[in-house]
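Undergrad: Sequence plus the predicted model coming up.
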Protein chains: 2
Amino acid sequence: MPKQTFYNLPEDKRQTLLYAAEKEFSRVPVYEASISNIVKSAGIPRGSFYQYFEDKEDAYLFLLSQQARTRQGNFITLLQKYDGDLFDAITEMYRLLLKELPEQENLDFLKNAFLNMTHKIENIFNRIFDVNENREQLKEISTLINKQCLNISDEKDLHHVIQIITSVTFHNLVEKFAKEMSYEEAMDNFNTEMNLLKKGLYK
Amino acid sequence: MPKQTFYNLPEDKRQTLLYAAEKEFSRVPVYEASISNIVKSAGIPRGSFYQYFEDKEDAYLFLLSQQARTRQGNFITLLQKYDGDLFDAITEMYRLLLKELPEQENLDFLKNAFLNMTHKIENIFNRIFDVNENREQLKEISTLINKQCLNISDEKDLHHVIQIITSVTFHNLVEKFAKEMSYEEAMDNFNTEMNLLKKGLYK
DNA sequence: ATAATAAATGACACGGTGTCACCTGTCAAT
DNA sequence: ATTGACAGGTGACACCGTGTCATTTATTAT
């Protein structure tokens, strides 16, 4: 959290600083961003930055959550609009996000936020469950899975199902570590989610 | 990718170096890890490190993929064991992973790998779709959603469904950026996955 | 024995971080 | 008007990490 001094700042100076920070975080991912660039661009001395923020991350998370907050509320509204259809609401939300993105001046900022290491790790994770190593394997898997599955009609669907399961598994794993869950807790969550997924896909 | 010189190294020296790197990446997340510590711990001069690897990330990704590779093959075997039941296979895989984790000497390494920034960003992302702001909202959402949904019986399930959708959405978003997909491509993928999810949950 | 090639080495230039002793401006009390 | 106290401003500095490169050393081929 920014320090009190940050909030005591006159509006224009605060905006200048935030703008400089956003510019820097748009240029490169957080871990490559430098405070030196921010203060240079904002025209404030180095020491002042530390008067306002704990460190680089502090400023970054403030910006991120500030941007997130502007989207608050949308979801409920959309849910009402689509009469409780969760998927229609979320699809609309996703669509809006993608649609607005190219026009958004903070596109690079968001891009960096989402790319930030994550995809590298997900790629590695995908490798653990890699089923695309060669066509033979995929055929084999397809045959095996079709014994059980109702809804997977073609290869594209199979790929997507694996995507879904991978991302949910990944999410569970990250959550387990982040919230320091016990083995039992983690398995319990995982099973609940897998069962929900299962219902839709099985004979 | 490590350079050729790395592979030319005598086995014991290579192991010492890898061990030192793993130790450092277990101590802190990649972006905090330092080459200085690795070379000090491995007892090699700084310049040598750059003889073997491009940079820190290079060594890190090598270690990660090396560890991932040891799990290769498991998945197909499990799939056969469970006669093509995708969920049983993946659940078993997850279970094994969690079960083995505490005994694994590289626990901290894996922990850092999964925590590495990701959860911070996911948390922010969750905030965008935040439906847990207050009980009232959750009730409201629950009522709305139950008009459409078949399988969500209690609040816990609702929470998990939202988790699933969030993580799939998140995954799609990261993928879109990582693979520089067009709007159409991204929406297409997203819709396919949402439809697969939908089938299981709707009246 | 010699040349050629590959690898090893560590000092160094560069750039970034966070701190701290000191400076400045403001404002209430005298 | 003067003082002191205090919040905030400032930038030089100590420290640490990166990647490079000229030089040295080892290895191999001729």
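TA: Yep, it's here. Remember, it's a predicted structure, so these values are computed and weren't measured experimentally.
Undergrad: okay, CA-based contacts and neighbour counts for the rest of this
TA: Fine.
Undergrad: gap between residue A:159 and DNA strand D?
TA: With distances taken as Cα to the nearest atom of the strand, to the nearest Å, residue A:159 is found 36 Å from DNA strand D.
Undergrad: Helix or strand: which one has that residue?
TA: helix A:155-178 (DSSP states H and E).
Undergrad: so what secondary structure elements neighbour that helix?
TA: Here helix A:155-178 touches helix A:118-128, helix A:183-201, helix B:107-115, helix B:118-128, helix B:155-178, helix B:183-201, going by 3 or more Cα pairs under 8 Å, 6 or more residues apart in numbering or on different chains; DSSP states H and E.
Undergrad: tell me the mean pLDDT for it?
TA: The average pLDDT within helix A:155-178 is 75.
Undergrad: What residues of it count as buried?
TA: A:157-178 (16 or more other Cα atoms under 10 Å in any protein chain shown).
Undergrad: Pull the distance from that helix to the chain's centre.
TA: Here the centre of helix A:155-178 is set off from its chain's centre by 14 Å, with Cα atoms, centre = their mean, to the nearest Å.
Undergrad: how many degrees apart are that helix and helix A:183-201 in direction?
TA: With axes from the mean of the first three to the mean of the last three Cα atoms, to 10 degrees as the basis, helix A:155-178 and helix A:183-201 are set at 160 degrees to each other.
Undergrad: Residue A:56 - nearest residue in space that isn't next to it in sequence?
TA: Of all residues not flanking residue A:56 in the chain, residue A:35 sits nearest, at 6.5 Å (Cα to Cα, 6 or more residues apart in numbering or on different chains).
Undergrad: So what's the residue count around residue A:25?
TA: For residue A:25, the count of nearby residues is 27 (other Cα atoms under 10 Å in any protein chain shown).
Undergrad: An error on my part: the question was meant for residue A:45.
TA: So residue A:45, with other Cα under 10 Å, has 12 neighbours.
Undergrad: ok, it - contacts?
TA: Listed by Cα atoms under 8 Å, 6 or more residues apart in numbering or on different chains, the contact partners of residue A:45 are residue A:39.
Undergrad: Now it. Its backbone dihedrals?
TA: When read as degrees, to the nearest 10, the backbone of residue A:45 gives phi -70, psi 150.
Undergrad: now it: how far from chain B?
TA: Using Cα to the nearest Cα, to the nearest Å, residue A:45 is found at 26 Å from chain B.
Undergrad: what do you get for residue A:108?
TA: Distance from residue A:108 to chain B, by Cα to the nearest Cα: 11 Å.
Undergrad: same deal with residue A:50?
TA: Distance from residue A:50 to chain B, by Cα to the nearest Cα: 20 Å.
Undergrad: how far away is the residue nearest to residue A:56 from residue B:38?
TA: 26 Å (Cα to Cα, to the nearest Å).
Undergrad: Can you point out the buried residues in the helix or strand in which residue A:23 is found?
TA: Following DSSP H and E, one finds residue A:23 within helix A:11-27. Going by neighbour count (16+ other Cα under 10 Å), the buried part of helix A:11-27 is A:14, A:17-26.
Undergrad: ok, residue A:187 - contacts?
TA: residue B:95.
Undergrad: before we move on, back to that, comparing residue A:35 and residue B:38, which residue is more hemmed in?
TA: residue B:38 (24 against 18).
Undergrad: what about that one, which helix or strand?
TA: Here residue B:38, judged by DSSP H and E, is contained in helix B:35-42.
Undergrad: Return that helix as CSV; C-alpha atoms alone will do.
TA: Provided in CSV are the C-alpha atoms of helix B:35-42 (Å, rounded to 0.1, in the frame of the first residue of the first chain):
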residue,chain,number,x,y,z
ILE,B,35,24.0,-15.6,-10.5
SER,B,36,26.5,-14.3,-8.0
ASN,B,37,25.1,-16.7,-5.4
ILE,B,38,25.0,-19.6,-7.8
VAL,B,39,28.6,-19.2,-8.8
LYS,B,40,29.8,-18.7,-5.3
SER,B,41,28.0,-21.8,-4.1
ALA,B,42,29.2,-23.8,-7.1
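Undergrad: Is that helix positioned near DNA strand C?
TA: No: contact of helix B:35-42 with DNA strand C (Cα under 7 Å from any atom of the strand) is absent, the minimum separation being 9.8 Å.
Undergrad: Now do that helix: which elements does it pack against?
TA: Using 3+ Cα pairs under 8 Å, 6+ apart, the elements in contact with helix B:35-42 are helix B:11-27, helix B:46-52.
Undergrad: nearest to DNA strand C, of those?
TA: Shortest separation from DNA strand C across these is recorded for helix B:46-52, at 3.1 Å, computed as Cα to the nearest atom of the strand.
Undergrad: Quick check: next helix or strand after the closest one?
TA: The helix or strand immediately downstream of helix B:46-52 is helix B:56-69, counting by DSSP H and E.
Undergrad: Who are the packing partners of that next one?
TA: If contacts are counted by 3+ Cα pairs under 8 Å, 6+ apart, helix B:56-69 sits against helix A:118-128, helix B:11-27.
Undergrad: close to DNA strand C, is the last one?
TA: So that's helix B:11-27. No: using Cα under 7 Å from any atom of the strand, helix B:11-27 never reaches DNA strand C; the gap is at least 8.6 Å.
Undergrad: other SSEs contacting the helix holding residue A:23?
TA: helix A:35-42, helix A:56-69, helix A:107-115.
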